[in-house]
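Enquirer: Sequence isn't available, so here's the structure alone:
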DNA sequence: CTCCGTGCCTGTGAGC
DNA sequence: TGCTCACAGGCACGGA
């Protein structure tokens, strides 16, 4: 099976490139081919709100992408298979093209989504604090994501299992299944461990592991198995450096035990029973 | 409070 | 070879 969902590093790569390439650009018009992604509002209403508007800034909150216009904000979540890319004027739409933003000249920003689970939500600027992207926990790339902050957030949820804790966007924003498994493996923590059972030293190791995994993934422009691409259709390279995710059945290079896969917090979870012992 | 199941989706690939 | 069907998981929601 080949797939990849965009998590924090992938969305960060997309947003950095969008900042350079679409900020300051005017949207001449928008085509919507799959109205379901608009979550209730009509394609006409959506198009009328944004057509003719200039993109003032692009931002990321967790896995959400925010496009700021003059008076409106568009909040996009790519979910499992959503992606943006620039395409040539003559490129025909395919069955997975869900929307096209027509920019200055004949430039097109396409939104492509095999499974149609992505969402586009419009907010007036003054209402943006009501948006889902504003109800999230701290972003691990934010300047104030310190060890002290991380520890205090963890102390609030002692009964949570660490895997659930890291996946919950209201605690830490942006982690999905891949990066939680990678982080826990590096920190040598069993995914079922209660947050309250982790000592100060383990929290420090977890914090460092999380930062390392995310910064390395960013350096390689994200993880691509099949679906994820940047704005130019290029793959990330971090999949070659994943140590635990999708490696069940392989031998752990650290301890020679066989990596196992088990459903934890409702997700397929890969971990090493030798390195990540449950306390 | 935390956990669990369900629904949304469709390409993939294991198994018959 | 061709078909069926469980599975992948981010998030919202309802209920235990």
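Expert: Received, thanks. For clarity, every value in this text was computed on a predicted model and none was experimentally measured.
Enquirer: ok, then the element right after the helix or strand hosting residue A:60?
Expert: Counting by DSSP states H and E, the element that carries residue A:60 is strand A:57-61. Per DSSP H and E, the first helix or strand lying C-terminal to strand A:57-61 is strand A:64-68.
Enquirer: who does that following strand touch, helix- and strand-wise?
Expert: Strand A:64-68 sits against helix A:8-22, strand A:57-61, strand A:72-77, with contacts defined as 3 or more Cβ pairs under 8 Å, 6 or more residues apart in numbering; DSSP states H and E. Glycine gets a C-beta too; all of them are placed from N, C-alpha and C.
Enquirer: give the contact list for the closest residue to residue A:25 other than its chain neighbours.
Expert: Sequence neighbours aside, residue A:103 is the residue nearest to residue A:25 in space, at 4.8 Å (criterion: Cβ to Cβ, 6 or more residues apart in numbering). Listed by Cβ atoms under 8 Å, 6 or more residues apart in numbering, the contact set of residue A:103 reads A:22, A:25-28, A:109.
Enquirer: Please repeat the previous calculation with a cut-off of 10 Å.
Expert: Residues near residue A:103 by Cβ atoms under 10 Å, 6 or more residues apart in numbering: A:21-22, A:25-29, A:55, A:86, A:109.
Enquirer: count of neighbours near the nearest residue to residue A:47 once chain neighbours are set aside?
Expert: Leaving out its chain neighbours, the residue that sits closest to residue A:47 by Cβ to Cβ, 6+ apart is residue A:30, at 4.8 Å. Residues contacting residue A:30 under the criterion other Cβ atoms under 10 Å number 21.
Enquirer: Check residue A:217 too.
Expert: Per other Cβ under 10 Å, the neighbour tally for residue A:217 reads 26.
Enquirer: check which helix or strand covers it.
Expert: Here residue A:217 is assigned to helix A:200-219, by DSSP H and E.
Enquirer: Now find how far off-centre that helix is within its chain.
Expert: Helix A:200-219 sits 17 Å away from the centroid of its parent chain (Cα atoms, centre = their mean, to the nearest Å).
Enquirer: what angle sits between it and helix A:8-22?
Expert: Orientation check (axes from the mean of the first three to the mean of the last three Cα atoms, to 10 degrees): helix A:200-219 against helix A:8-22 gives 40 degrees.
Enquirer: Contacts only, for residue A:272.
Expert: Listed by Cβ under 10 Å, 6+ apart, the contact set of residue A:272 reads A:184-185, A:188, A:190, A:243-244, A:247-248, A:250-260.
Enquirer: Mind checking which of these land in strands?
Expert: residue A:260 (DSSP state E).
Enquirer: From the contacts of residue A:272, list the buried ones, please.
Expert: A:184-185, A:188, A:190, A:243-244, A:247-248, A:252, A:259 (16 or more other Cβ atoms under 10 Å).
Enquirer: Done for today, thanks.
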